[in-house]
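>>> Just need the structure, nothing else, for what follows:
(one chain, ligands or ions: 1)
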Amino acid sequence: MVTGALEGIYNPRESESVIRLLLEQITQKSTVDFILDSQMEISPEQTGVLEAWIERLQRHEPVQYVLGTTEFFGLTLRVEPGVLIPRGETEELVQWILNDYKNEQIDHTRSPLRILDIGCGSGAIAIALSCHIPGADVRAADISERAIQLTLTNDMNAAPCARSRIPVQVNRMDILHPVPLPDNRPFDLIVSNPPYVLESRKEEMDRRVTVFEPPEALFVPDADPLKFYRAIARFATTYLTKKGYIYLEINEDFGREVVSLFKSGFSEVILRQDIHGKDRMIRIYNG
Ligand SMILES: C[S@@+](CC[C@H](N)C(=O)[O-])C[C@H]1O[C@@H](n2cnc3c(N)ncnc32)[C@H](O)[C@@H]1O
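Numbers count the residues shown, from 1 in each chain. Model prediction:
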């Protein structure tokens, strides 16, 4: 019955899992508890919270903002309006890096491995890498003060994820007008999921994204869709070590263009598809 309240916003299956997520958070019980006790009742206070949350969902607010959290690569991260909700495609980018690290495509003798995440948002990429690459010195940078604060919070909350973990250092940086980061040393690995959605696509996108997520985290002008990639390439000519790597998430419609942009300055560029078969990420090697 409650799921009907979300008609037109989510399909019936999504509605059910969204309501389940809300109930889990409100009652601190698991899905299994609900299955075992189908008659479980919630208190009047809990009903009040549930109703308030459903109203927010009816206004098309993303469920992650309503709950204040999302899952990314096994981590529970805080998210809030003004900062992008990390996506599944970005987990694939992180997985690519970790596979390359495990099979030693990325040089293990560099210690600590210096990593920079440009446009860190909630800190998802930087924190996941720092949890899975032992001893890595991970920096995260963003132009947005809210993103910086949220990354710091998420990094503190993620601290127990690995024993030899060094906290992520977070800095404000405008990649379009970069100034050297505090210690001014190059990085072995630069990663970024920069804004890449064409402004003209806004019309066809879900209101959950266009009304609630920060436009400056998502959109680029149609007249200059690669502006962040050009800025990253420029930055990397000074701040990427020899034999270092860049990993980037990309707009599926611009795979060839991003590849050719980096091919003019770097020795090896590989384009990779996401699980939906769309051109979604590239790896650049500074050989
Ligand atoms: C697509 S979001 C990615 C967020 C996060 N890395 C993730 O994958 O969920 C792009 C991020 O770039 C940041 N950004 C936008 N313009 C920027 C700039 N000029 N310099 C640095 N960061 C910028 C935004 O604030 C946003 O956090």
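
>>> need the residues of the stretch 1-150 of the chain near the ligand, please.
Residues of the stretch 1-150 of the chain that fall close to the ligand, judged by CB under 6 Å from any ligand atom: 84, 86, 90, 119-122, 124-125, 142-144, 147. The way it works is simple: take the backbone N, C-alpha and C, and place the C-beta from them, glycine included.

>>> redo that, cut-off 5 Å
84, 86, 90, 119, 121, 124, 142, 143, 144, 147 (CB under 5 Å from any ligand atom).

>>> how close does the second one sit to residue 279?
Think residue 86. Counting by CB to CB, to the nearest Å, the gap from residue 86 to residue 279 is 20 Å.

>>> Ok, residue 215 next?
On the measure of CB to CB, residue 215 and residue 279 end up 24 Å apart.

>>> The two: who's more crowded?
When residue 215 is set against residue 279 and neighbours are counted by other CB atoms under 10 Å, the residue ahead is residue 279, at 18 against 13.

>>> quick one: secondary structure of the residue lying closest to residue 64 once chain neighbours are set aside?
Distances taken as CB to CB, 6 or more residues apart in numbering place residue 70 nearest to residue 64, at 4.2 Å, with adjacent residues excluded. Recorded secondary structure, residue 70: strand (DSSP: H, G, I helix; E, B strand; the rest coil).

>>> quick one: low-confidence parts of the stretch 1-150 of the chain?
The model of the stretch 1-150 of the chain has pLDDT under 70 over residues 1.

>>> Going along the chain, name the helices of it.
Applying DSSP state H, counting those that start in this stretch to the stretch 1-150 of the chain gives helices spanning 12-27, 31-36, 44-58, 63-67, 88-102, 124-132, 145-157.

>>> Domain ranges for the chain, per the record?
Split into domains by automatic domain parsing, the chain comes to 2-59, 74-285.

>>> So what does residue 245 look like in phi/psi?
phi -120, psi 150 (degrees, to the nearest 10).

>>> List the contacts of it.
Taking CB atoms under 8 Å, 6 or more residues apart in numbering as the criterion, residue 245 is in contact with 100, 106, 188, 189, 190, 283, 284, 285, 286.

>>> I'd assumed residue 188 was in contact with residue 246.
No: look at residue 246 against residue 188 with CB atoms under 8 Å: they stay out of range, at 10.5 Å.

>>> hmm, back to that, of the residues of the stretch 1-150 of the chain next to the ligand, which pair is most distant in space?
Spatial extent of those (CB to CB) is set by the pair 90 and 143 at 18.2 Å.
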